[in-house]
Structure formats: C-alpha cells, structure tokens
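Chemist: Next comes the sequence, and after it the predicted model I'd like to discuss.
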Amino acid sequence: MSDNLYPKPSKALADRRRELAPDAEAAFRAFSKAVFAEGALPARTKQLIAVAVAHVTQCPYCIQGHTKAATRAGATPEEIMEAIWVAAEMRAGGAYAHSNLALAALAEDDAGSKKGE
C-alpha cells in the first residue's frame, strides 16, 4: 500500500474512529462478528469469499486483513489465489455481459442511419 494514498492502520486511528461514532463502531463490529461466524458456510469459506470481494472492491485493507484471516481459518495459498481468479473472472464477465448494451446502441444507430439513407 502506498503511504501517500492509504494511511497505515494504527491504534490511534482506530481509537479516533471509535471516539467519533462509538455506537456505529460497536454495531459494525457485532455485525462483522456475526457475518464471519461459523454457520451454513464454514468460516474458511466466508473468508475466501471476502478475499474475492475485497479484490473486486479493491480495498487494500480488506485484501490484507481477509487474506490473513482466510489463512488463519485454514485456507491454502492455492485456494486464496483461486478465489482471486474467480473475482477477476466475475469482474471481466460483467464487462463482457454489459457489451450487450453497446451492441444494442450500435444496432439502434445503424437502424437510424439506414432510415436516413
């Protein structure tokens, strides 16, 4: 992470965030704990999902934190990399699927220009 773009996480920043909005901070922490708890999906799978989503949202803090959490939950480096590739395919797949919008616009322009011929 660039020191110029993203400040390094610190206890002082965490304390300040909590000080400015203690109820929201507590609610977020409780929500996060509930989301990542063992459930229908194992915690390991949830962390792999988080790694993939973090790459799509491009949050460097999330990438680092959830990669470490996935490892602690038992995910292998190979599983983490596969999750990242799934994220990459989904991101690229969105662009590919949305090309239909461009193709439709081109067809409309083509139909409009043929009317004027």
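Modeler: Cool, got the structure.

Chemist: just checking, what packs against the helix or strand of the chain with the lowest mean pLDDT?
Modeler: In the chain, no helix or strand scores lower on mean pLDDT, DSSP states H and E than helix 77-115, which sits at a mean of 93. For helix 77-115, the packing partners by 3 or more CB pairs under 8 Å, 6 or more residues apart in numbering; DSSP states H and E come out as helix 43-57, helix 60-72. In this view, the C-beta of every residue, glycine as well, is placed from N, C-alpha and C.

Chemist: Let's see the distance spanning stretch 30-48 from one end to the other.
Modeler: When the termini of stretch 30-48 are compared using CA to CA, to the nearest Å, they are 20 Å apart.

Chemist: Can you point out the buried residues in that stretch?
Modeler: Residues 36, 43-48 are the ones in stretch 30-48 that count as buried (16 or more other CB atoms under 10 Å).

Chemist: Among those residues, which one sits closest to residue 65?
Modeler: Of all the buried residues of stretch 30-48, the one with the least separation from residue 65 (CB to CB) is residue 47, at 9.6 Å.

Chemist: tell me the contacts of residue 18?
Modeler: Shown in contact with residue 18 (CB atoms under 8 Å, 6 or more residues apart in numbering): residue 25.

Chemist: how near is it to residue 24?
Modeler: 9 Å (CB to CB, to the nearest Å).

Chemist: again with residue 64
Modeler: Noted for residue 64: a distance of 23 Å to residue 24, by CB to CB.

Chemist: Pull the contacting residues for residue 82.
Modeler: If you count contacts by CB under 8 Å, 6+ apart, residue 82 has none.

Chemist: just residue 25 next, same as before
Modeler: For residue 25, the residues meeting the contact criterion (CB under 8 Å, 6+ apart) are 17-18.

Chemist: can you tell me which helix or strand it belongs to?
Modeler: helix 22-35 (DSSP states H and E).

Chemist: what angle separates that helix from helix 43-57?
Modeler: An angle of 120 degrees separates the directions of helix 22-35 and helix 43-57 when computed by axes from the mean of the first three to the mean of the last three CA atoms, to 10 degrees.
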